[in-house]
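here is my input; please provide its structure:
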Amino acid sequence: MSSVRTARCAAPAEAVTANGATMRLIHTSDWHLGRTLHGVSLLEYQEEFLDWLVGQAVAGQADAVLVAGDIYDRAVPPLEAVTLLDRTLTKFAEAAIHVVLISGNHDSYVRLGFGSALSERAGIHLRTRVTDIDRPVILSDAHGAVGIYGIPYLLPDAVMDELGAERSHASVLAAAGERIRADATARGLARTVVLAHAFLTGAQPCESERDIRVGGIGDAPAAVLAGCSYLALGHLHGQQRVRVPGSTTTARYCGSPLAFSFSEQQGKSVTLAEVDGAGQVTTELLATPVPRPLREVRGRLADLLARADGDLAGLAGAWVKVVLTDPVRPVAPMERLREKWPHTIALDFDPDGGVTGADADLARLAKATDPVEICESFVEYVAGVPADAAQRAVLRAVVEAAQHACDDGPGHMAGAGRPVPAQAGGA
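Residues are numbered from 1 along each chain as shown. Sure, this is the predicted structure:
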């Protein structure tokens, strides 16, 4: 396939590629630029991924890169994240590779969509508003036109009136799907690709996605977006295929390119999707660069440290989560672990035979009538043993001081001059 591509500037919704045997698309999403992993900045690794992505697109002569939302990790991203996105999109424009990009639930559609009319002329197609839904990017190969539509994240409360829909993800996505199908029919497009940032029924979430439930429901049936050749999905961080009942549509979540929690130890990838002349789609997973492997270990601190130079020596180069099972919380556990595994970034405490389970703890709290008793439960959770007499005295003094402050009104700390018993043992 030729790597020469041109754009018709007079019609920003349309672009033309040189003819090729199939339409080659790289599907990616959920970059979350500016995100951290347990306090560790991922920006340098995100930059490595984006450089790799540009290289893959150029070497593979991709016709377009599809980015299915959550470009940034928050609505007001840090300057470094904005600069990184600007550099990346410039590289794609210089390589004459189209980018179709939608906003996700983490993005500000206003900030992300700024300058969209100008960037369109450089082959960077931003779709962030309801009015963008039926405004396709039209690419051509040897078999004719392919229409690429973008559905940004649709918060029902914000868009249901504009779409004439009800207050649910299913209803607003169904309305968006209807708009796309009607537009494709009017344009005579037999092959279409749809980007959508949503949680479709039957897909498996990870623990690192933000909850998007409205009215207690966060998902929508895949059937509302049926009818396209390829459905390029974003929002869920694990790569997976989604079944679209009663349709030949190929639907996939490409997943995030980096892991954002220790539950995501499976391989990360982007999806290469090829659309043939009949609208049939074949997909291939392209493994993304791994900055560090994620590893989780559990046990007593002394045992883990003793094994650090033996069967656990390989953890020295990994991001490590440690779950300590000591009956009493050890002194300075993180510092001691990092002497062996410098990239230990998460520490949990689950003592053997110590603190009771969550259900039992909640039952205890429900019966507690004294705030001091609740505080004692926290001390027991942290320390692994019940609070002693000195700690209980400190807790009692603090709770009573807080209660008196509330009684006397804001700005006045009743009993501020009262002595507080010396802390013993550390509360």
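
which residues of the protein fall in helices?
Here the chain has its helices, by DSSP state H, at 43-59, 79-94, 109-112, 116-120, 156-163, 169-187, 301-307, 333-340, 358-367, 371-383, 389-408.

in this structure, which ranges drop under the pLDDT threshold?
Flagging of the chain using pLDDT under 70 yields the residue ranges 1-20, 354-367, 381-384, 406-427.

relative to A75, how far out is the nearest residue to D132 once chain neighbours are set aside?
Nearest residue to D132, sequence neighbours excluded (Cβ to Cβ, 6 or more residues apart in numbering): G150, at 6.2 Å. (Glycine included, C-beta is placed from N, CA and C.) Counting by Cβ to Cβ, to the nearest Å, the gap from G150 to A75 is 19 Å.

so between those two, which is more surrounded?
More neighbours surround G150 than the other of G150 and A75, with 30 against 14 (other Cβ atoms under 10 Å).

show me what that one is bridged to.
L195 (DSSP bridges).

surely it touches L195?
Yes: in this structure, G150 is within contact of L195 by Cβ atoms under 8 Å, at 4.6 Å.

residues contacting the residue nearest to D132?
By Cβ atoms under 8 Å, 6 or more residues apart in numbering, G150 lies in contact with V100, L101, I102, H125, R127, D132, I133, V137, V194, L195.

ok, so of those residues, who is nearest A220?
Lowest distance from A220 to the contacts of G150 (Cβ to Cβ) belongs to V194, with 13.5 Å.

that closest one - nearest residue in space that isn't next to it in sequence?
C228 (4.5 Å).

how close does the one you found sit to A176?
12 Å.

more neighbours, those two?
Each of C228 and A176 has its neighbours counted (other Cβ under 10 Å); C228 has more, 29 against 26.

I'd assumed I180 was in contact with the more buried one.
Yes: counting by Cβ under 8 Å, I180 is a contact partner of C228 at 7.4 Å.

domain ranges for this protein?
Structurally, the chain divides into domains by automatic domain parsing as follows: 5-287, 294-349.

buried stuff in stretch 369-382?
V372, E373, C375, E376, S377, V379, E380 (16 or more other Cβ atoms under 10 Å).

mind checking how far it is from the chain centre?
Centroid displacement of stretch 369-382 relative to its chain, using Cα atoms, centre = their mean, to the nearest Å, is 35 Å.

make residue 1 into 865 and carry on from there
Happy to do that; since the first residue is 865 now, the last one works out to stretch 1233-1246.

residues in contact with P1157?
Q1129, G1181, A1182, W1183.

what about the residues you listed, which one has the most neighbours?
W1183 (21 neighbours).

state the distance from that one to R1156.
W1183 is 5 Å from R1156, where distance means Cβ to Cβ.

how about A1006?
In terms of Cβ to Cβ, A1006 sits 43 Å off from R1156.

straight-line length of stretch 1005-1021, end to end?
Stretch 1005-1021 has an end-to-end distance of 39 Å (Cα to Cα, to the nearest Å).

buried residues, that stretch. List them.
Buried residues in stretch 1005-1021, defined by neighbour count with 16+ other Cβ under 10 Å: 1005, 1007, 1009-1018, 1020.

again, but for stretch 1142-1155
Within stretch 1142-1155, the residues scored as buried using 16+ other Cβ under 10 Å are G1143, V1145, L1150, T1152, P1155.

before we move on, what about stretch 1043-1053?
For stretch 1043-1053, by 16+ other Cβ under 10 Å, it's R1043, I1044, R1045, D1047, A1048, L1053.
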